[in-house]
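Asker: Quick check, what structure comes out for this input:
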Amino acid sequence: MSDGLYERSARDLRALRKRKTFVVTSAQNNTPPEYDFLAALQAYCEQHDAELLVIPIRYINPTSKLDPQEGDGDVSWDSDLESYLIGNELVLSDDVVVQADLRIQATARNPLASLASRSRGRSAVFGSSQLSMQTVATPHSRLPKLLYTTGSVTQKNYSNTKAGNLASFHHSHSAIVIELRGKHFFMREITWDGTCFYDLGARWDGSGVGDGETLAVITGDEHTWFGDPKVKRGTYGDYGVVPSLRPKYIVRHDLTDAYSVSHHHLKNRITMIVKSLNGMNDLRAELQHAVDHLNETTPEGMTNIIVSSNHHDHVTQWLRAGERGVEPVNAEFYHWLMWQVLQQARMTKRGVVHPDPFALFASDKLTCDTRFLGPDDSFRLAGVELAMHGHLGPNGTRGSLRSLSVIGSRFVIGHSHSPGIFEGGYQVGTSSALRLEYNSGPSSWLNTHCALYENGKRQLIHVIDGKWRGN
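Answerer: The predicted structure is shown next:
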């Protein structure tokens, strides 16, 4: 239920629902905006015929150097923001709601906690000074819900307590773009760096739009044997993400599924038999398919970075298990690949190390510039670590977006197929079909990539039915 703060009239809400593009952010009371960011948002909205919405956030800060307050009677919002403020729940469509009637504490560590069901079946945007995002599992017939918190258009203004210090550290000058286009909607974050923000490769500041540079596109886990053709077209086809953004690097996770020799199938005779009858147990064919995909989808002048991933490790596990369980179709290839690995394996002070079998197979078959990363390699661009897949967590634990957030470094990972943003971490989704044999039941998987721009800011890009933007 709304607290009545900056509620719009029913007439205003009806007018808003006729709009097709929105930019949503938040503002803390008794705090001036980042004026250049506000000017850039205004220029963006004018260019895109978009409605700027600002969700008010209350925070009593008696230690504020900007405007000390002692209680609710001192609460106000900057006059430059008042025409944009909204305190109502605003239902934009059957699929999207701006949940401006819900107040999140400015110092909340995880602002989306306990909100998964609050918007019922709709994707939702909540006002918070922290930028975060998660997908919520939904039944088979629907895409997962997207939940975002907005970040803020106002300056940092927190108490000198532990909670206030952490809130200041995670404060993000950000906003969420919502585009409604027929039966589809697109949502993505834009983040201010003090000078500009980037949206889909374009650079925006208070004077308008200019050309920007994209350092990398990190694709959702590719699993090429099970890739979705619409996602492939929306990513690499004409006017797709990669040709449009022209990144220097394409960072790829789980390029091959290793389905043909998956250890998960060893005790499943039904799957093993059907795989054999359909030629899906041929590892050489599967790895060659991944190589062909790389050659086909890498534009000239771009470099592939292949992240060490758990499905690539399945090939190594197959080799290590010995030849007893190797099917006849793979017998010759097993011995050839094992010999290639043994030629370069060596004893070191840390124990035995050997090259990635997939990288060895691909090395002389690639016609595009490609670098394979090892499990302990680092690959950083603009201060963002891109070499982690996400399956390995700190000190040998299982990895996740939350567990890796403690490492104190900004990063982009893959692995879970469920995209997200939490503190300094971003996670891409998948490029595969959203339904595979191992994700029965409600699913939070989504076809999502990440763009990394020259200023170090990141942006998740969702591919919906082959489309990735509203225009």
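
Asker: Now do the helices in the protein.
Answerer: Taking DSSP state H as the test, the helices found in the chain are 10-16, 35-48, 162-170, 229-236, 241-245, 269-277, 283-297, 310-320, 331-344, 357-362, 401-404.

Asker: So for residue 368, which of these sits nearest?
Answerer: Residue 368 lies closest, by Cβ to Cβ, to one member of the helices of the chain: helix 283-297, at 5.7 Å. (Each C-beta comes from the backbone N, C-alpha and C, glycine too.)

Asker: so which of the helices of the chain comes closest to residue 120?
Answerer: The closest approach between residue 120 and any of the helices of the chain, judged by Cβ to Cβ, belongs to helix 10-16 at 18.1 Å.

Asker: List the contacts of that closest one.
Answerer: Helix 10-16 has contacts (Cβ atoms under 8 Å, 6 or more residues apart in numbering) with 8, 51, 53, 88, 90.

Asker: at 7 Å what do you get?
Answerer: 51, 88, 90 (Cβ atoms under 7 Å, 6 or more residues apart in numbering).

Asker: give me the low-pLDDT residue ranges for the stretch 51-200 of the chain?
Answerer: 61-73, 140-141 (pLDDT under 70).

Asker: Show me where it has its strands.
Answerer: When secondary structure is read from DSSP state E, counting those that start in this stretch, the stretch 51-200 of the chain shows strands at 51-57, 89-91, 96-99, 123-126, 128-136, 145-151, 174-181, 184-191, 197-199.

Asker: Include distance to residue 112 when you put the helices of the chain into a markdown table, please.
Answerer: Shown next, in a markdown table, are these (distance: least, Cβ to Cβ, whole Å):
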| stretch | distance to residue 112 |
| --- | --- |
| helix 10-16 | 24 |
| helix 35-48 | 23 |
| helix 162-170 | 13 |
| helix 229-236 | 26 |
| helix 241-245 | 26 |
| helix 269-277 | 37 |
| helix 283-297 | 34 |
| helix 310-320 | 26 |
| helix 331-344 | 44 |
| helix 357-362 | 36 |
| helix 401-404 | 12 |
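
Asker: how about these in a markdown table, adding mean neighbour count and distance to residue 191?
Answerer: Shown next, in a markdown table, are the helices of the chain (neighbours: other Cβ atoms under 10 Å; distance: least, Cβ to Cβ, whole Å):
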| stretch | mean neighbour count | distance to residue 191 |
| --- | --- | --- |
| helix 10-16 | 12 | 24 |
| helix 35-48 | 19 | 10 |
| helix 162-170 | 16 | 13 |
| helix 229-236 | 20 | 22 |
| helix 241-245 | 19 | 16 |
| helix 269-277 | 13 | 44 |
| helix 283-297 | 19 | 28 |
| helix 310-320 | 19 | 30 |
| helix 331-344 | 14 | 43 |
| helix 357-362 | 21 | 34 |
| helix 401-404 | 18 | 18 |
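
Asker: For beta bridges, what are the partners of the residue nearest to residue 195 when sequence neighbours are not counted?
Answerer: Spatial nearest neighbour of residue 195, chain neighbours left out: residue 205 (6.4 Å); criterion: Cβ to Cβ, 6 or more residues apart in numbering. Beta-bridge partners for residue 205, by DSSP bridges, are residue 208.

Asker: need the contact list for residue 205.
Answerer: 40, 195-196.

Asker: got it, and residue 59?
Answerer: Here residue 59 is in contact with 28-29, 106 (Cβ under 7 Å, 6+ apart).

Asker: rerun at 6 Å
Answerer: 28, 106 (Cβ atoms under 6 Å, 6 or more residues apart in numbering).

Asker: Next up, phi/psi of it, please.
Answerer: Per-residue torsions, residue 59: phi -160, psi 120 (degrees, to the nearest 10).

Asker: about what we covered before: which of the strands of the stretch 51-200 of the chain is buried the deepest?
Answerer: strand 145-151 (a mean of 27; mean count of other Cβ atoms under 10 Å).

Asker: Pull it out as CSV, backbone CA atoms only.
Answerer: Extracted in CSV, the C-alpha atoms of strand 145-151 (Å, rounded to 0.1, in the frame of the first residue of the first chain):
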residue,chain,number,x,y,z
LYS,A,145,10.4,-12.4,-14.2
LEU,A,146,13.0,-9.7,-14.1
LEU,A,147,13.4,-7.8,-10.9
TYR,A,148,15.5,-4.6,-10.8
THR,A,149,16.4,-2.0,-8.3
THR,A,150,17.2,1.4,-9.9
GLY,A,151,20.2,3.0,-8.4
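
Asker: and that strand with strand 184-191, angle?
Answerer: 30 degrees (axes from the mean of the first three to the mean of the last three Cα atoms, to 10 degrees).

Asker: For the remainder of this discussion, apply numbering that starts at 20.
Answerer: With 20 as the first residue, the last one maps to strand 164-170.

Asker: Against which helices or strands is strand 164-170 packed?
Answerer: Packing contacts for strand 164-170, counted by 3 or more Cβ pairs under 6 Å, 6 or more residues apart in numbering; DSSP states H and E, involve strand 40-47, strand 142-145, strand 147-155, strand 193-200.

Asker: Looking at those strands, spot the one closest to residue 305.
Answerer: It's strand 147-155; of the helices and strands packed on strand 164-170, that one is closest to residue 305 (Cβ to Cβ) at 28.3 Å.

Asker: Which neighbouring elements make contact with the closest one?
Answerer: Using 3+ Cβ pairs under 6 Å, 6+ apart, strand 147-155 sits against strand 164-170, strand 439-441.

Asker: what angle sits between it and strand 70-76?
Answerer: Using the same axes, to 10 degrees: strand 147-155 against strand 70-76 is 110 degrees.

Asker: For strand 147-155, what is the distance to the chain centroid?
Answerer: The chain centroid and the centroid of strand 147-155 are separated by 11 Å under Cα atoms, centre = their mean, to the nearest Å.

Asker: got the angle between that strand and helix 181-189?
Answerer: 70 degrees.

Asker: angle of strand 147-155 against strand 193-200?
Answerer: Using the same axes, to 10 degrees, the interaxial angle of strand 147-155 with respect to strand 193-200 works out to 50 degrees.
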